[in-house]
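Trainee: this one's structure only:
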């Protein structure tokens, strides 16, 4: 699809829900123009129906924090296309798409899995797995970093959090992809097929639920849900909705930041050289990666009453898309926002995790996985070299990658993880 120059299109005709704009990495100019000329923009006609776009950092922050005026109860994405038959649309409630008080008690049920004490216990496991994955990478040949590193590390972590059968962990990757897929993506052929595949996910996890509910409470997500006072009586579709939330939240976001970091450093070689000279910059770099990548492009809310924002009258019931990917490049809030700067001051000043009651529950886990991975990368590799164009996800929601062709250039002065363990 040919994406036109954003300055050659009437701004009233902008439709940022078009996934091809993101697939071709052509969205930046559209958001730049919106921030300047129409920071709260009404799209009259899209495949999802009309919706508002909020594109500046501070306006997004104001919407995100005001859950009373901007509710998530009707969903966090723009929804299925209006052309999809009703019988093919699944109603899968999830706690991120709920308002208080139900949101609060369901989130609190699974929050302990990412409490500081549990994260500390997971750190050694993540480091061991990252080391093994990196040591297994092929040398002197091109491979897909997304598949061998980004997906593999995050899927192993998900399997641990769910206490999911480890040998079948790639089912989690598949269900994550299906949950956000459209027929255009090539992952599913129709929304009916998507429904069928997600029901298989529900069936599989229901077996795990039935096992865990008859065992003493444990510290995995399924056991927490099965024994939680506010979740143990969930209807099947609500259980599926929360599964989708936890799978996508724990998989898509981290894996795309892992891939995005490699791409960012290749596009900013001076920053890569800065990193080689000072590994202590890694924690700050992780925040910059998450801002620069913004792995979920937007979140949607619905106005609960008529409200005015930047001079625009948003009516009760209107859909409102908070474009995090735009806010994170807003030069009114972030200095030199299009640059990737690993020692950026106040690097955690970004929108990627959201704000307010729906702020990403697993943000510290995501940061820890990225930090550990880059610590281990820098122990092994002089250069993770991108050797071809990335293939991006066909989605206006998931801002990520299907393929990132790379070659690794190992450091000759460092032993592998396995060798170091034997010392």
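Mentor: Nice, thanks for sending it over. Predicted, not measured: the structure shown is a model, and the values here were computed from it.

Trainee: and residue 384, that one's in a strand?
Mentor: Yes - when DSSP: H, G, I helix; E, B strand; the rest coil is applied, residue 384 is found to be in a strand.

Trainee: show me where pLDDT drops low in the protein?
Mentor: Across the chain, the ranges flagged by pLDDT under 70 are 83-110, 112-114, 358, 414-423.

Trainee: can you rerun that using 90?
Mentor: 1-2, 67, 72-122, 157-158, 161-162, 176-177, 179-195, 217-253, 354-366, 411-423 (pLDDT under 90).

Trainee: Quick test: name the residue nearest the centre of it.
Mentor: Centroid-nearest residue in the chain, with Cα atoms, centre = their mean: residue 253, separated by 2.4 Å.

Trainee: Quick check: closest non-adjacent residue to that residue.
Mentor: Closest residue to residue 253 apart from its sequence neighbours, by Cβ to Cβ, 6 or more residues apart in numbering: residue 295 at 4.2 Å. All C-beta atoms are positioned from the backbone trio N, CA, C, and that covers glycine.

Trainee: From residue 177, how far off is the one you found?
Mentor: Distance, residue 295 to residue 177, by Cβ to Cβ, to the nearest Å: 14 Å.

Trainee: More neighbours: the two, which one.
Mentor: Remark: of residue 295 and residue 177, residue 295 carries more neighbours, 25 against 21, as counted by other Cβ atoms under 10 Å.

Trainee: pretty sure that one contacts residue 256?
Mentor: Yes - with contact defined as Cβ atoms under 8 Å, residue 295 reaches residue 256; the gap is 4.1 Å.

Trainee: what residues are shared contacts of those two?
Mentor: Taking Cβ atoms under 8 Å, 6 or more residues apart in numbering as the contact rule, residue 295 and residue 256 both touch 398, 399, 400.

Trainee: could I get those residues as a markdown table with secondary structure and distance to residue 367?
Mentor: Below are those laid out as a markdown table (DSSP: H, G, I helix; E, B strand; the rest coil; distance: Cβ to Cβ, whole Å):
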| residue | secondary structure | distance to residue 367 |
| --- | --- | --- |
| 398 | strand | 19 |
| 399 | coil | 18 |
| 400 | coil | 17 |
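
Trainee: so after the strand or helix carrying residue 34, what's the next helix or strand?
Mentor: Per DSSP states H and E, residue 34 falls inside helix 27-37. Sequence-wise, the next helix or strand downstream of helix 27-37 (DSSP H and E) is strand 40-43.

Trainee: how much distance is there from that next one to the middle of the chain?
Mentor: Strand 40-43 sits 24 Å away from the centroid of its parent chain (Cα atoms, centre = their mean, to the nearest Å).

Trainee: Pull out the buried positions in it.
Mentor: 40, 41, 43 (16 or more other Cβ atoms under 10 Å).

Trainee: cool, and stretch 226-237?
Mentor: Under 16+ other Cβ under 10 Å, the buried positions of stretch 226-237 are 226, 227, 228, 230, 231, 234, 237.

Trainee: Pull the residues that contact the helix holding residue 34.
Mentor: Counting by Cβ under 8 Å, 6+ apart, 5-7, 11, 14, 16, 21, 41, 53, 55-56, 297, 323, 325-326, 329-330, 332, 338 sit against helix 27-37.

Trainee: at 6 Å what do you get?
Mentor: 6, 11, 21, 41, 55, 56, 326, 330 (Cβ atoms under 6 Å, 6 or more residues apart in numbering).

Trainee: Repeat that for stretch 305-314.
Mentor: With Cβ under 6 Å, 6+ apart, stretch 305-314 has contacts from 39, 40, 52, 69, 303, 315, 316.

Trainee: Just the buried ones from those residues?
Mentor: Members of the contacts of stretch 305-314 classed as buried by 16+ other Cβ under 10 Å are 39, 40, 52, 69, 303.
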